[in-house]
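Engineer: give me coordinates for this.
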Amino acid sequence: MRRITGFTVTPRAYLWVALSALVVCTLIVFTGAAVRLTGSGLGCPDWPRCQGTSFTPELSTHSAIEFGNRLLTGVVGLPCIAAALLAWRRRPFRRDLALISLLLPLGVLAQAVLGGMTVWYGLKPGWVIGHFLLSMLLLVACVVLVWRAAHERATVERTRDRISLWAVRVLVLLGAVTLGAGTVATAAGPHAGGEGTGDIVPRLDWKGSETLDWAIHQHGILATVLGLGSVGCWFLLRARKANATAQNAMTAVCVLLACQGVVGAAQYAMELPAGMVWIHVVLAVVTWIALLWAWVATGRADAVAPDVVAAAPLGDTESPLVRSGT
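Structural biologist: Purely as a prediction, here's the structure:
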C-alpha cells in the first residue's frame, strides 16, 4: 500500500511565517499604545465582553478603539499559532525552532489574560507596565525565532569574540532597564489611558507632584548611557571585525537612539502631547528590535565558507558544508 505523507514546509516558507509573527507582534504594541494615548483604555470596562456584549459594543469612539485592539489580538494570534504548528512540519525538522515557536502563542495568550486583568483592575500602573513589558519579552522570542529560521546551523558558527558578545549583551540588558524606566515615566505622566471615558485612573506618585519629573530624568539618564554605550559598541564591533549583520544592526540602533533623543526632548518641551508620546513608543519598540537583532547576530561569526554558503539555497535540506565534511 502506498504510504501517505502529510504536507511539509520549506525553510524559506517557514521564515516568512516567523517574519509575519514578528510584524504582527510589533504592530499590536503600536495599537496598544494608541489605545492608552487616546484615553480609551477603559472604553470597554469589562472583559472579555465590551459593554456587556461580545461583538456589538456601544458605538463610541473609545469603545471602538479599545474593542478594535482586542479583536486585533485575535489576528496576532494566527501567525503565532501558525509558527508553532508549522515548525513541526518544517523540513528539515529543527527542535530549536519548534520549542522557541511555542513561546509565541503562549505569549499572546498571556497578553490577552494580562490585558483583561489590566482592565479589571482599572488600569493600575503596575498592570499596565507589566502588559507592555510582556510584549517586549514576546518580541525577544520573535526575533530569536526569525534569526534561527533564517540560518541553517551548518552555515554559521558561534563567534569566539567574547568581548563583542558580552558588550552587546550588556547593552541589551541596559536597553531593557531603559524601557522599564520609560514605562514608569509614562505611568506617572498625564496619559492614564482611561481619561477619555471619565474614569479616574491611578498614577504613580510616590514623590507627589515631582514624580513625573523625577521619572523622566531617570529615564533620560539611562537613555543617555544607552546611547553612549551603543556608539561605543558600534566602534568595538568594527574594530573587532564582527559580521556585517551585527555591524548594520548596531548602526540602526545608534540612528534610532539619536531620533529618540530628539523626539524625547521635543515631547518634554511640548509638555507630552499624545502624538509625540506615541512616536516615542514606536521608536522605542523598533530600537528594541534592532538591539535584539544586534545581539543574536553578534553571537555568530561569519560563514565558515562564504562562497559555498552563498551558493546554497535556504531550502536546501543538506548544506554544502555538511557534504564537504566541514
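Engineer: starting at the chain centroid, how far to the helix or strand harbouring residue 134?
Structural biologist: Secondary structure assignment for residue 134, by DSSP states H and E: helix 125-150. Chain-centre distance of helix 125-150: 5 Å, with CA atoms, centre = their mean, to the nearest Å.
Engineer: go on, stretch 124-135?
Structural biologist: Put simply, stretch 124-135 sits 14 Å off its chain's centre (CA atoms, centre = their mean).
Engineer: let me know the next secondary structure element after the helix holding residue 134.
Structural biologist: Counting by DSSP H and E, the next helix or strand C-terminal to helix 125-150 is helix 162-187.
Engineer: identify each buried residue in that next one, please.
Structural biologist: Buried residues in helix 162-187, counted by 16 or more other CB atoms under 10 Å: 164-165, 167-168, 171-172, 174-176, 178-187. To be clear about C-beta, it is placed using only N, CA and C from the backbone, and glycine gets the same treatment.
Engineer: one more: stretch 14-33?
Structural biologist: 14-15, 17-22, 24-26, 28-29, 32-33.
Engineer: could you export that stretch as CSV, CA atoms only?
Structural biologist: As requested, C-alpha coordinates have been extracted for stretch 14-33 and formatted as CSV (Å, rounded to 0.1, in the frame of the first residue of the first chain):
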residue,chain,number,x,y,z
TYR,A,14,8.7,29.0,7.4
LEU,A,15,10.9,32.0,7.6
TRP,A,16,8.1,34.1,6.1
VAL,A,17,5.7,32.7,8.8
ALA,A,18,8.2,33.7,11.5
LEU,A,19,8.6,37.1,10.0
SER,A,20,4.8,37.6,9.9
ALA,A,21,4.6,36.7,13.6
LEU,A,22,7.3,39.3,14.4
VAL,A,23,5.5,42.0,12.3
VAL,A,24,2.1,41.5,14.0
CYS,A,25,3.5,41.2,17.5
THR,A,26,5.2,44.6,16.8
LEU,A,27,2.0,46.2,15.4
ILE,A,28,-0.1,45.2,18.4
VAL,A,29,2.2,47.2,20.6
PHE,A,30,1.7,50.2,18.4
THR,A,31,-2.1,49.9,18.6
GLY,A,32,-2.0,49.2,22.3
ALA,A,33,-0.1,52.4,22.8
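Engineer: would you map out the domains in this protein?
Structural biologist: 8-151, 158-194+205-304 (automatic domain parsing).
Engineer: which parts of the stretch 151-300 of the chain are helices?
Structural biologist: 162-187, 211-239, 244-269, 274-298 (DSSP state H, counting those that start in this stretch).
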